[in-house]
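> Structure here, sequence nowhere to be found:
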């Protein structure tokens, strides 16, 4: 099966998110600089973040060629960018991979799925044909294992756990044609990319289209499918659009807006969808952290600790929910809501709220028991004082 694209590229960005304090990130960057493993990030990230009004993000990158993905003896062009996000106190690890440079075929779809599975930790064999990762020339069974080794080296010892993940896959062309036309008849391979399912050829076409659902896109040449794991993009941005945006921004804003001229090798960076996958992953990572903390608040703990912990958890949950309301451009807000729903954030937040209610109920019960005990003591003391007021005069004869 061939994908009908003459000048098509297939790009992949795999992303992880984990909670990390400012101090921990500072220590990571200092260690990375000392070991010579970190370099400044690509300038295209700065241009895109500025265009979307995103602030409080500090990015750095691992030196290229240290971390590699190898398939069939071929080293895939790969880049690793780290980003610390102040509002979320979270780190994102983005690995962008160029799978196909000129034409996308069924073989490239299969290769992308194999890379996705390797990022999820599925080990390759010992032969040269299997997908595997390398760091500093040393072979690792999977891309995730190699990246874990790279992150441990960057952090100079302390291991960084890569758990909460997602991805963006992008089909990129430059002819400016409608994205809907590109997607027509490609439900099966698109489904395979969205779900990392190597059996995509044998999926029912109608079922695959249903799983993909309705795409989002504010431009005719661009379409985004929100998936369980992130986003799938079709981007046919052509020269006419780039020239129009260049002329418009120069005439009405006095300068050319560099964002519109991006032709990035990072899947999802054009049109900013990668940033919103990052945001959802960070919210999921924060929610995971909250759940871990909530499991530690058990009824067997001292009453004062239980009440204090419950109150602290409720405040931290409110912080997690508040992050959902950070402002984004109106045309992008609908996309972010779709991603929050498709990636399971809404379900997880509802679960957190139920857990918080249970903790609140337990805290209220403990508080009520404590107050009842205090009231009983006060009542006893009051009765004792009243008895003494009667008995003492009788005994003393006064």
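Done, it's in. Note that the structure is a prediction, hence the values are computed from the model and not measured.
> starting at the chain centroid, how far to the helix or strand containing residue 82?
Here residue 82 sits within strand 78-85, counting by DSSP states H and E. With CA atoms, centre = their mean, to the nearest Å as the basis, strand 78-85 stands 12 Å off its chain's centre.
> What are the contacting residues of that strand?
Residues outside strand 78-85 that contact it (CB atoms under 8 Å, 6 or more residues apart in numbering) are 20, 22, 25, 28, 38, 41-42, 45, 56-62, 64, 67-69, 90-98, 147, 150, 154, 265-266, 278, 282. Using the backbone N, CA and C atoms, a C-beta is placed for each residue, glycine as well.
> Each with direction, which strands does that strand pair with?
strand 57-62 (antiparallel), strand 90-100 (antiparallel) (DSSP bridges).
> And the contacts of strand 78-85, which of them are buried?
Those of these that meet the buried threshold are 20, 25, 28, 38, 41-42, 45, 57, 59-62, 67-69, 90-98, 147, 150, 154, 265-266, 278, 282, by 16 or more other CB atoms under 10 Å.
> wait, doesn't residue 132 sit right on residue 138?
No. Here residue 132 does not reach residue 138: they are 10.7 Å apart, not a contact under CB atoms under 8 Å.
> Which positions in stretch 71-87 come out as buried?
Buried positions in stretch 71-87, judged by neighbour count with 16+ other CB under 10 Å: 71, 76, 78, 79, 80, 81, 82, 83, 84, 85.
> what sits opposite the first one in the beta ladder?
The one in question is residue 71. Beta bridges link residue 71 to residue 74, judged by DSSP bridges.
> how close does it sit to residue 122?
Distance of residue 71 to residue 122, given as CB to CB, to the nearest Å: 13 Å.
> May I see the strands paired with strand 78-85 arranged in CSV, with distance to residue 248 and mean pLDDT as well?
Listed next are the strands paired with strand 78-85 as CSV, based on distance: least, CB to CB, whole Å; pLDDT from 0 to 100:
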stretch, distance to residue 248, mean pLDDT
strand 57-62, 27, 95
strand 90-100, 29, 95
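> Just put those strands in TSV and tack on distance to residue 234.
Putting the strands paired with strand 78-85 into TSV (distance: least, CB to CB, whole Å) gives the following:
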stretch	distance to residue 234
strand 57-62	26
strand 90-100	14
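> show me what contacts residue 57?
With CB under 8 Å, 6+ apart, residue 57 has these contacts: 49, 83, 84, 85, 86.
> Name the nearest of those relative to residue 116.
Proximity of the contacts of residue 57 to residue 116 (CB to CB) peaks at residue 83, which lies at 20.8 Å.
> Could you give the bridge partners of the closest one?
Bridge pairing for residue 83 - DSSP bridges - gives residue 59, residue 92.
> For this structure, just list every one of the helices.
Using DSSP state H, the helices of the chain run over residues 22-35, 43-51, 106-119, 143-154, 179-183, 187-195, 205-212, 239-253, 273-296, 303-323, 330-342, 345-396.
> Just give me the lowest mean pLDDT stretch among these.
Mean pLDDT is lowest for helix 303-323 among these, at a mean of 51.
> what's the neighbour count on residue 121?
Neighbour count for residue 121, taken as other CB atoms under 10 Å: 14.
> My guess is it contacts residue 140. True?
No. The criterion here is CB under 8 Å, and residue 121 misses it with residue 140 at 10.6 Å.
> In space, what's closest to residue 223 - neighbours in sequence excluded?
Of all residues not flanking residue 223 in the chain, residue 179 sits nearest, at 3.6 Å (CB to CB, 6 or more residues apart in numbering).
> Nearest spatial neighbour of the residue nearest in space to the middle of the chain, chain-adjacent residues omitted?
With distances taken as CA atoms, centre = their mean, the residue of the chain nearest its centroid is residue 281 (2.2 Å). Nearest residue to residue 281, sequence neighbours excluded (CB to CB, 6+ apart): residue 17, at 3.7 Å.
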